[in-house]
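In: Pasting the sequence and the predicted coordinates here, then a few questions.
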Amino acid sequence: MSAQREMKEKNPWHTPVTIIITVIGVIAIVALVTVGVLQNKPLLQKYKYGIVLDAGSSHTALYIYEWPAEKDNNTGRVEQIHSCKVKGPGISSYASTPLKAGESLRECMQEAEQRVPRKRHHETPLYLGATAGMRLLNMEDSAASNKVFQAVEEALQKFPFAFQGARILSGQEEGAFGWVTVNYLDDRLKQGLETTGALDLGGASTQISFVSDNYDGSESPDNSVTFRLYGNGYNLYTHSFLCYGKDQALRMTLAQQTLSGPRTIQDPCFHAGYNETKNYSVLYDSPCVSKRKPQSAPATFIHEGKGNFQQCQEIIKRVFNFTDCKFSQCSFNGVFQPLLQGPFGAFSAYYFVMNFLNLTDTSIPLETVRDKLSRYCATPWHQVVQQHPGVKVKYLAEYCFSGTYILTLLTEGYNFTSWSYPKIKFIKKIKGSDAGWTLGYMLNLTNMIPAEAPDSPPLPYTGYVSIVTLLAVTHKH
Ligand SMILES: O=P(O)(O)OP(=O)(O)OP(=O)(O)OC[C@H]1O[C@@H](n2cnc3c(O)ncnc32)[C@H](O)[C@@H]1O
Ligand SMILES: [Ca+2]
């Protein structure tokens, strides 16, 4: 006991000197931490942010972009830091319940509030661009489309960002901004390199955009977009085919097979053994097919698969018009298209489908690609389901159709050949950012791509520092 007391009394931690040292130490640590935190503060504010909502026909996605604050005008520095897929269908599906369109965005918007530093919220521009789904709804029922926009705007205004409005992009804008995105991310614009064409396959429309040397825009001005970017002029050919996205193209192909209002169809684009009862009124509920609705059809039809690639390609070809062309040359439906040129990046559904089919490698000869797809289409449905337990059945049922549609669109529609097919790259992302129109749209609206090449400083910063250091050192001697 007494030995213990002695130890307590002599405890060196209790001497005044150590107490002072400890207090000073604690103060020093607190001071250090405070300075560290304060010093890091400007670091947090070094970046700016922009948010774009892509309101597509099949779904809405939110993208957050980030760039160095003092380099708004500089090159190739904007990056996607986050994306969020909105749960549920695209906003055009909420025509009869518009408020739900607004509500559906809430979760992703709350994520955005977390991701963008609070201090930047109020100055972060927020855009919503709608594409072919809303174009179709607007054609069908403009009052309903206005209500959807109103609900979506009201929902977005509740967030602390600088909301810049919601609107429908024109097909030209959608095509052109997709092209800007791809070439910006590849650093091709800044460096004035040969550009990459852009192929976008959505659910309701599809876009093709590229620069062709022998195209000056005069033959079909509607397909021409000119840009001046970093001191280079671009004359871009672009076209958006409404109804030729993969969901609407499937509708058109089914409509083609149900013109007489049959009770059963045997569809070569679906696997043998596939068998589903479908509604005529649901199938024909789209401006892409509504005029062709059979007069006296029963309420439903049985959709049976028979898995035949050749026949599938034949019926898909029938939804293209290859005969009328008023121009020197056309892709299809009387739309002008100059000679294909340069490499192409093919994204969105081009990528989803070709990636699933293991066909993203375009060095595989086109004939082999067809053979592989033909074999896949001939696989019985129960076997396909067995082999892909993790894949959504709705997607799974449609890959044979979608793959066949993609090959038909590329070769028969746009005239890609076995020689030019290898110039296509199926891509999802470029340097971490998704390929799509959203980044190009934001760069344009925030004026982040200068028309002229930025003046480069007479000496780069590192060069300046080295010279100053050298002078300082030599001065000493
Ligand atoms: O451009 P629009 O025409 O407005 O449509 P979208 O923007 O909604 O179209 P997406 O590119 O997001 O998707 C195109 C299609 O691909 C489908 N899709 C998405 N993910 C897929 C996947 O993993 N496998 C197969 N299909 C997929 C989706 O349902 C659409 O039918
Ligand atoms: Ca899209």
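Out: That came through fine. Ligands and ions are numbered 1, 2, ... in the order given.
In: List the buried residues of stretch 111-118.
Out: Within stretch 111-118, the residues that count as buried by 16 or more other C-beta atoms under 10 Å are 112, 116. The way it works is simple: take the backbone N, C-alpha and C, and place the C-beta from them, glycine included.
In: next SSE after the lengthiest strand in the chain?
Out: As far as residue count goes, and with DSSP state E defining each element, the longest strand of the chain is strand 232-242. Counting by DSSP states H and E, the next helix or strand C-terminal to strand 232-242 is helix 246-257.
In: how about stretch 401-412, does it reach ligand 1?
Out: No - applying C-beta under 6 Å from any ligand atom, one finds stretch 401-412 out of contact with ligand 1, separated by at least 6.8 Å.
In: Likewise for stretch 86-100?
Out: Yes - Stretch 86-100 reaches ligand 1 (C-beta under 6 Å from any ligand atom) through Gly90.
In: can you pull the pLDDT of the residue of the stretch 101-250 of the chain found nearest ligand 1?
Out: Distances from the stretch 101-250 of the chain to ligand 1, computed as C-beta to the nearest ligand atom, single out Gly202 as the nearest residue at 2.2 Å. Residue-level confidence at Gly202 comes out at 98, pLDDT.
In: same check, this time on Asp455
Out: The per-residue confidence score, pLDDT, reads 72 for Asp455.
In: Okay, the nearest residue to Leu254 once chain neighbours are set aside and Gln337: tell me how far apart.
Out: Among residues not flanking Leu254 along the chain, Leu283 sits closest, at 5.8 Å (C-beta to C-beta, 6 or more residues apart in numbering). Applying C-beta to C-beta, to the nearest Å, one obtains 30 Å for the distance of Leu283 from Gln337.
In: who's more crowded, the two?
Out: Shown here are Leu283 and Gln337; by other C-beta atoms under 10 Å, Gln337 has more neighbours (23 against 19).
In: From the recorded domain assignment, give the ranges for the protein.
Out: Under the TED database, the residue ranges defining each domain of the chain are 46-168+436-476, 171-432.
In: out of those domains, nearest to Thr15?
Out: When the domains of the chain are compared for distance to Thr15 using C-beta to C-beta, the nearest one is domain 46-168+436-476, at 46.7 Å.
In: wait, does that closest one make contact with ligand 2?
Out: Yes - Domain 46-168+436-476 lies within reach of ligand 2 by C-beta under 5 Å from the ion, at Gly56.
In: Same check on stretch 172-180?
Out: No - taking C-beta under 5 Å from the ion as the criterion, stretch 172-180 and ligand 2 are apart, separated by no less than 7.3 Å.
In: I'd like to know how far Glu154 sits from Gln110.
Out: As defined by C-beta to C-beta, Glu154 lies at a distance of 16 Å from Gln110.
In: One more: Val369?
Out: With the distance defined as C-beta to C-beta, Val369 ends up 43 Å from Gln110.
In: Convert the C-alpha atoms of the longest strand of the chain to PDB, please.
Out: Coordinates of the C-alpha atoms in strand 232-242 are reproduced here as PDB (Å, rounded to 0.1, in the frame of the first residue of the first chain):
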ATOM      1  CA  ASN A 232     -10.300  25.600 -85.800                       C
ATOM      2  CA  GLY A 233     -13.400  25.700 -88.000                       C
ATOM      3  CA  TYR A 234     -15.500  22.500 -88.200                       C
ATOM      4  CA  ASN A 235     -18.300  21.800 -90.600                       C
ATOM      5  CA  LEU A 236     -20.100  18.900 -89.000                       C
ATOM      6  CA  TYR A 237     -22.700  16.700 -90.700                       C
ATOM      7  CA  THR A 238     -25.300  15.500 -88.200                       C
ATOM      8  CA  HIS A 239     -28.600  13.700 -88.400                       C
ATOM      9  CA  SER A 240     -31.000  12.400 -85.800                       C
ATOM     10  CA  PHE A 241     -33.500   9.700 -86.900                       C
ATOM     11  CA  LEU A 242     -36.600  10.000 -84.700                       C
END
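In: Contacts (any at all) between ligand 1 and that strand?
Out: No - Strand 232-242 stays clear of ligand 1 (C-beta under 6 Å from any ligand atom), getting no nearer than 8.8 Å.
In: What residues of that strand count as buried?
Out: Of the residues in strand 232-242, those with enough neighbours to count as buried (16+ other C-beta under 10 Å) are 232, 234, 236-242.
In: in the stretch 101-250 of the chain, what residue is nearest ligand 2?
Out: Taking C-beta to the ion, ligand 2 has its nearest neighbour within the stretch 101-250 of the chain at Gly202, 3.7 Å off.
In: Now do the contacts for that residue.
Out: Gly202 makes contact with 56-58, 131-132, 245-246, 348-349 under the criterion C-beta atoms under 8 Å, 6 or more residues apart in numbering.
In: Narrow those residues to those in helices?
Out: Here DSSP state H is the test, and the contacts of Gly202 give 132, 246, 349 as lying in helices.
In: so which of the residues you listed also contact ligand 1?
Out: Of the residues in the ones in helices among the contacts of Gly202, proximity to ligand 1 by C-beta under 6 Å from any ligand atom holds for 132, 246, 349.
In: Please pick the buried ones from the residues you listed.
Out: By the neighbour-count criterion of 16+ other C-beta under 10 Å, those include these buried positions: 132, 246, 349.
In: same for the longest strand of the chain, what does it pack against?
Out: helix 132-140, helix 171-185, strand 205-211, strand 224-229 (3 or more C-beta pairs under 8 Å, 6 or more residues apart in numbering; DSSP states H and E).
In: Now do the first one and strand 232-242, the angle between them.
Out: Between the axes of helix 132-140 and strand 232-242, defined by axes from the mean of the first three to the mean of the last three C-alpha atoms, to 10 degrees, the angle is 60 degrees.
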